[in-house]
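> Prediction below, plus the sequence it came from.
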Amino acid sequence: MKYFVTSEEKEYTFDLKEENGEKKFLLNEKPMTVDFKQVGKKPVYSLLVDGKPYDVWAESQNGHYTVAVNGQFYRVKVENERSRLLKQLTRGAESAEGVVLLKAPMPGLVVRVKAEKGARVKKGQGLVLIEAMKMENEIKSPVNGVIGSIAVKQGEAIDKNAVLLEINAE
Amino acid sequence: MKYFVTSEEKEYTFDLKEENGEKKFLLNEKPMTVDFKQVGKKPVYSLLVDGKPYDVWAESQNGHYTVAVNGQFYRVKVENERSRLLKQLTRGAESAEGVVLLKAPMPGLVVRVKAEKGARVKKGQGLVLIEAMKMENEIKSPVNGVIGSIAVKQGEAIDKNAVLLEINAE
Amino acid sequence: MIHNVLIANRGEIAVRIIRGCREMGIRTVAVYSEVDRLSLHTRLADEAYPIGKAPSSESYLVQDRIIATALKAGADAVHPGYGFLAENGDFAARVEKAGLIWIGPPAEAIRLMGDKTVARQRMKEAGVPTVPGTLEPISDEAEALKTAEEIGFPVLLKAAAGGGGKGMRVVSKREEFQPALQTARSEAKSAFGDDRVYIEKYLENPRHIEFQILADKFGHVIHLGERECSIQRRHQKIVEESPSVLLTPEMRQAMGEAAVRAAQACGYRNAGTIEFLVDKNLNYYFLEMNTRLQVEHPVTEETTGIDLVKEQLKIASGIPLGYSQEEIRQTGHAIEVRIYAEDPANNFMPSAGKIQYLRPPGGPGIREDSGIFEDSEVSLYYDSILSKLIVWGKDRNEAVARMARALEEYRLFGIRTTIPFGLAVMKNKNFQTGHFDTGFVEKEFRNGSADVKNLSQIAAIAALLIDRQKAASEIRASANHHHKWESPWKTAGRVENMR
Amino acid sequence: MIHNVLIANRGEIAVRIIRGCREMGIRTVAVYSEVDRLSLHTRLADEAYPIGKAPSSESYLVQDRIIATALKAGADAVHPGYGFLAENGDFAARVEKAGLIWIGPPAEAIRLMGDKTVARQRMKEAGVPTVPGTLEPISDEAEALKTAEEIGFPVLLKAAAGGGGKGMRVVSKREEFQPALQTARSEAKSAFGDDRVYIEKYLENPRHIEFQILADKFGHVIHLGERECSIQRRHQKIVEESPSVLLTPEMRQAMGEAAVRAAQACGYRNAGTIEFLVDKNLNYYFLEMNTRLQVEHPVTEETTGIDLVKEQLKIASGIPLGYSQEEIRQTGHAIEVRIYAEDPANNFMPSAGKIQYLRPPGGPGIREDSGIFEDSEVSLYYDSILSKLIVWGKDRNEAVARMARALEEYRLFGIRTTIPFGLAVMKNKNFQTGHFDTGFVEKEFRNGSADVKNLSQIAAIAALLIDRQKAASEIRASANHHHKWESPWKTAGRVENMR
């Protein structure tokens, strides 16, 4: 089976084969020796790739993995031939209507909403100020667009991933 | 309910009472304030006794507890009025026939058996030599007595708690 | 000698103070808010008492309750740590009024240094260079504009009662002056209840270098050398070191003497820090005095061998300083990296939650001052500092290499931290060669934390294997559960489709 | 300069060497046995290769495989650590023959110092005091008895090829001499395949003091001061410190010079240790030389600021020593406590298994050189050392108080360790005042580790609460499981009876 793994915008193609009872691991057609073991019960793994050891921590969320290799974090998506085909077939139906939901990256207190409904905003523009851990954190627009409805107001306490406002992307 | 707790040869009598919906904790009739919380999922607890904090680790085995308080280990047995009464009633029936089983305190390799069947041995006398972690460890007789059957021989690999030999205690 | 100290703080600094006390045979009383019942400081102290709810305004800032707890527990002294009530002159006065020893400077010294314009005047009198600007708060706007022009734009408007960047405004040109003044005033008013503002020359990306001082009750004041604190994010220090590569022995001596004069000028006692800004031409200016123990005090401890917490306790007990200035020697080089619960890859956003995995580094030259452990909860209520990693090396190269090695070894999972950022700083060429100023982070890390290791390919391999393992165990679990009415083949197919 | 080192070891010392290499930018190759796949050294190295089954005779002692792995991995040097092949002259020679650099002394120096009688002769020639006794193995029994009488009973019979107490016998009187000689010979034969035995004066409870030396390829030999290693259990060190309270500056200088002469006399190179015994009258005698890095090397690193592993790598690379004897300065005081997987309350019996909980201490002056982590398995196949806790203090009092504080903070559960024992030593009055010798542990801890805290009452409270909680959850679980056919009342009764 072929697998397509996207790690931080880069795609890798893997092939897991079994020949004469021996497992083969190919990365972009190149064979490699991989030894992989879990350490204890937590999602901690020790990986030996061509003799080089790596410590791995993994979290999975919404079909993505967040993988820390030797303490460095990477966002990874794993697909196989079948799931990729399925995705290609359903593409279009899935894609958003151009409405982007701005969510709170952490729980906290809304200090200020810096945009009004209908306002045109630029990618990177600060929209909401949230206080947490004695600091004010500016939540920025991920896209160019126009502000739709605003879900929070000043002084409100919010949870992580709470929707702050909508942006109609352009 | 009254509880009798034996910690390292010393007995403590506890009384857990509920008066007017308030829990009371009495040690040898003396009331104390106790706050007790588990930390995470392991048997690690934080105890606040009259405002003094203690870190506790607990293992239980054969009705005994091994409790580490701030890193120091204690062997503790907990009984209540009922279990104590039950024990008193069945005493005698329970007691051993004078046969003591000498067990291996750790896995290892039998280096030498230093006593023969029928030999008279003294409490504290070395009976079996076991090698583990590059060291030889002498397993001593816990009683005065006469050696019964011997279960292991030189060169044998043994597990923890394997019976090494019998002693007929005197 | 003090024999029982209430520590009016939490986190790593409370733990640090407990450690110092314990080594001196001094008892400690911890106070804890509802969310800190299982925190390390609560569990390591000799006694611990609850003081209220999670928000610090309902616990760590409630002066009455802290003093009452100290009296109830039989403490004879209060150590404020840093933050919270540490630089509150009124609290210091109340502690002493209650018959307790305040482990810190006299209340008057705290108040004097808390008012930035008063402090500037006092420093000027004591011959300590200050940043050019006004010595009094602005009263007349026209006058102020004239002053600003004399100083030369860009200038900085600062709140007299200030701190933490609030009520602060950079003004680049004449036209911006009046509106900036109004915003600065209104910000200062809302932040400190005091709208007084003054003008300083704006130094572009200076270096931030501070001197540690110790002063006893008998008028002896010494300094313990400098700390270089120019590596900052959001105007907050994140990497500190001692000594600074910038200072010549002459400059060190001159600045050290100025620091001692500054402390003397305000009748200082106990440990304190004089912060200086150093411009491109190596002119140094008094910035402010921190009238407490600093977060970054360990780098001074590592290079001088002097335990600052113990010195604080001795000074507060009325014991004369055990060192003269000549006996203070800086040996080797020390670096501290602060480990914050923030995501450096996402603009240092706070990251709270449970620490699920912790494997800190060890070996020669590594010290960690930490308030965390595996399974500890990082709450959003308090400052995001988790731990401080400190290294000592025989020279700066060894210290930098050692810190990089230690950060590479560090494993902390469950929340995001500044560990990868600290590593990126250690691997940065300009940091390694000493070419940096307070603009370093903005200049070098415009796009967040650089990935110094580039292990995305390994991450891909790991994710694939974890994903395959999970699918296999799902097949097994599913097969076990449904084995009576579904064929394994069907189950396998279903799991594949679920992906 | 060496650029890629194979480390022919495991556990804490392999980790220590990896750390030193990494800070110098040198790559590392780990080797691991089957049970060490997840060990720290395997995971921290730059590369790691399997070398066989768990027993060291099938892995860490297989010379061919280690050398082949070094060549395959492109290593240019081999570091043996301590134990295993570290003092095997033949292995050193084979490593060099394979074109690799041996990070240790010349093979001839290892062999010379490995033969105790040859070493004694060489030392005597070099003017280094040796314990009175024979310089040659015993050939004639009658002659030997005469020698023993001349020396005066008690005497010690020791294996010429010896080490580790095997083939060693104390003889208190004339009548015991002949049988003891026979046993010693047969033990030596079976342990070393060499039945040569010699006679030494038996020193009752001497102090064990050793000197660290460094020697480069250019004939420069320096010493880095002493380590006091008298606190031993089963004739193995467990607490070490530097400096020793016993030595005057004059004695330190004389012994240091003797140590340097000893190293020169055997053509030594790299790091090594000269062990001395010091009797009640402060006479010192050469005991043996350890031709490798010692377990307790960190106390020297802490007091001198010199990283011994890095010095080893530099010396092996052919770089001249960067220090003259005059530049070596001992600052403050350092103590090491070895953390063994042994139960001090049960005669130091080995304790293997999984480390289920680990929360090591931190803060100022604490260093840990460890090979363990939470979830690591401690196997019975190897030496029982888990970790070394090292503290530095400005003087001995601070170091002792700090070590006590650190051991009190230490939490390691799942297996038993010598942590409580180390704490008991720190709290022992005779240790605190420096009054101890190699008989210390036997004298002061006759009944195992003293409980220095006496918290049995707290243990009782904790056990009761845990027991009640368990009973309550059993009732709940049981009630949930059987709720259809049993009344809660019955369930509760049953649980009570189960107890």
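Arrived safely, thanks for sending. Only a predicted model underlies this, so the values are computations on that prediction, with no experimental measurement involved. Numbering: from 1, shown residues only, chains lettered A, B, ... in the order given.
> For chain C, which residues score under the pLDDT cut-off?
Scanning chain C for pLDDT under 70 picks out C:163-165, C:447-453, C:478-499.
> got the residues of it near chain D?
Proximity of chain C to chain D, by C-beta under 8 Å from any C-beta of the partner chain, involves residues C:15-16, C:19-20, C:22-25, C:44, C:298, C:301, C:305-307, C:331-332, C:359-360, C:362-370, C:373-374, C:394, C:398, C:401-402, C:405, C:408-409. No exception for glycine: its C-beta is placed from N, CA and C like everyone else's.
> how about 6 Å then?
C:19, C:22-23, C:301, C:305, C:307, C:359, C:362-364, C:368-370, C:373, C:394, C:401-402, C:405 (C-beta under 6 Å from any C-beta of the partner chain).
> what about the helix-or-strand element of chain A with minimal mean pLDDT, near chain C?
Ranked by mean pLDDT, DSSP states H and E, the helix or strand of chain A with the weakest confidence is helix A:81-90, at a mean of 78. Yes: contact of helix A:81-90 with chain C (C-beta under 6 Å from any C-beta) involves A:Ser83.
> Select the longest strand from chain C.
When chain C is parsed with DSSP state E, its longest strand is strand C:221-233.
> So which elements touch the following helix or strand past it?
Using DSSP states H and E, the helix or strand that follows strand C:221-233 towards the C-terminus is strand C:236-242. The contact analysis (3 or more C-beta pairs under 6 Å, 6 or more residues apart in numbering or on different chains; DSSP states H and E) places strand C:236-242 against strand C:221-233, helix C:297-304, strand C:333-340.
> rewinding a little: how far out from the middle of the chain is the longest strand of chain C?
Distance of strand C:221-233 from the chain centroid (C-alpha atoms, centre = their mean, to the nearest Å) equals 12 Å.
> Quickly run through the sheet partners of that strand, with directions.
Note on strand C:221-233: by DSSP bridges, its sheet partners are strand C:207-215 (antiparallel), strand C:236-242 (antiparallel).
> I'd like these as JSON lines, with distance to D:Asp76 appended.
Shown next, in JSON lines, are those (distance: least, C-beta to C-beta, whole Å):
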{"stretch": "strand C:207-215", "distance to D:Asp76": "42"}
{"stretch": "strand C:236-242", "distance to D:Asp76": "34"}
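> right, so of these, which gets closest to A:Lys114?
Between A:Lys114 and the strands paired with strand C:221-233, the shortest gap by C-beta to C-beta is with strand C:236-242, which sits at 22.3 Å.
> angle of that closest one against helix C:297-304?
Orientation check (axes from the mean of the first three to the mean of the last three C-alpha atoms, to 10 degrees): strand C:236-242 against helix C:297-304 gives 0 degrees.
> And whichever strand or helix holds C:Ala471, what does it pack against?
In this assignment (DSSP H and E), C:Ala471 forms part of helix C:456-482. When contacts are defined as 3+ C-beta pairs under 6 Å, 6+ apart, helix C:456-482 sits against strand A:2-7, strand A:10-19, strand A:52-61, strand A:64-69, strand A:72-80, helix C:488-498.
> Could you list the buried residues of stretch A:50-66?
Using 16 or more other C-beta atoms under 10 Å in any protein chain shown as the test for burial, stretch A:50-66 gives A:51, A:53-58, A:60, A:65-66.
> now stretch A:162-170
The neighbour-count check on stretch A:162-170 (16+ other C-beta under 10 Å) flags A:162, A:164-167, A:169 as buried.
> related to what we said a few turns ago, for the longest strand of chain C, output the C-alpha coordinates as CSV.
Extracted in CSV, the C-alpha atoms of strand C:221-233 (Å, rounded to 0.1, in the frame of the first residue of the first chain):
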residue,chain,number,x,y,z
VAL,C,221,26.5,48.0,49.5
ILE,C,222,28.2,45.8,46.9
HIS,C,223,27.4,44.7,43.3
LEU,C,224,27.7,41.2,42.0
GLY,C,225,28.4,42.1,38.4
GLU,C,226,26.1,42.4,35.5
ARG,C,227,23.4,40.4,33.6
GLU,C,228,22.9,40.9,29.9
CYS,C,229,19.1,40.7,29.3
SER,C,230,18.7,42.0,25.7
ILE,C,231,17.0,38.9,24.3
GLN,C,232,13.4,39.8,24.8
ARG,C,233,10.0,39.0,23.3
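> Now do the buried residues in it.
For strand C:221-233, by 16+ other C-beta under 10 Å, it's C:221-233.
> Strands along the stretch 101-250 of chain C, start to end?
C:101-102, C:155-159, C:169-171, C:197-201, C:207-215, C:221-233, C:236-242 (DSSP state E, counting those that start in this stretch).
> Packing partners of the first one?
Under the contact criterion of 3+ C-beta pairs under 6 Å, 6+ apart, strand C:101-102 touches helix C:89-97.
> Packing partners of the helix it packs on?
Under the contact criterion of 3+ C-beta pairs under 6 Å, 6+ apart, helix C:89-97 touches strand C:101-102, helix C:107-114.
> Which strands and helices lie in contact with the last one?
Packing contacts for helix C:107-114, counted by 3+ C-beta pairs under 6 Å, 6+ apart, involve helix C:89-97.
> any idea of the angle the helix it packs on forms with helix C:107-114?
Using the same axes, to 10 degrees: helix C:89-97 against helix C:107-114 is 170 degrees.
> contacting residues around helix C:89-97?
Residues outside helix C:89-97 that contact it (C-beta atoms under 6 Å, 6 or more residues apart in numbering or on different chains) are C:63, C:78, C:85, C:102, C:107, C:110-111.
> re the thing from before, next, format the helices and strands packed on strand C:236-242 as JSON lines and append distance to C:Glu210.
Putting the helices and strands packed on strand C:236-242 into JSON lines (distance: least, C-beta to C-beta, whole Å) gives the following:
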{"stretch": "strand C:221-233", "distance to C:Glu210": "5"}
{"stretch": "helix C:297-304", "distance to C:Glu210": "10"}
{"stretch": "strand C:333-340", "distance to C:Glu210": "13"}
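> Select, out of these, the one closest to B:Glu138.
helix C:297-304 (46.2 Å).
> Tell me which helix or strand comes right after the closest one.
For helix C:297-304, the succeeding helix or strand toward the C-terminus, using DSSP H and E, is helix C:308-316.
> Out of the contacts of helix C:89-97, which comes closest to chain D?
Within the contacts of helix C:89-97, proximity to chain D (C-beta to the nearest C-beta) peaks at C:Val78, which comes in at 20.8 Å.
> Is the closest one bridged to anything, and to what?
C:Leu6, C:Trp102.
> from the stretch 301-450 of chain C, which residue is nearest to chain B?
C:Asp375 (3.2 Å).
> Count the residues that sit near that residue.
For C:Asp375, the neighbour count with other C-beta atoms under 10 Å in any protein chain shown is 20.
> one step back: among the contacts of helix C:89-97, who's most crowded?
Ranking the contacts of helix C:89-97 using other C-beta under 10 Å puts C:Val78 first, with 27 neighbours.
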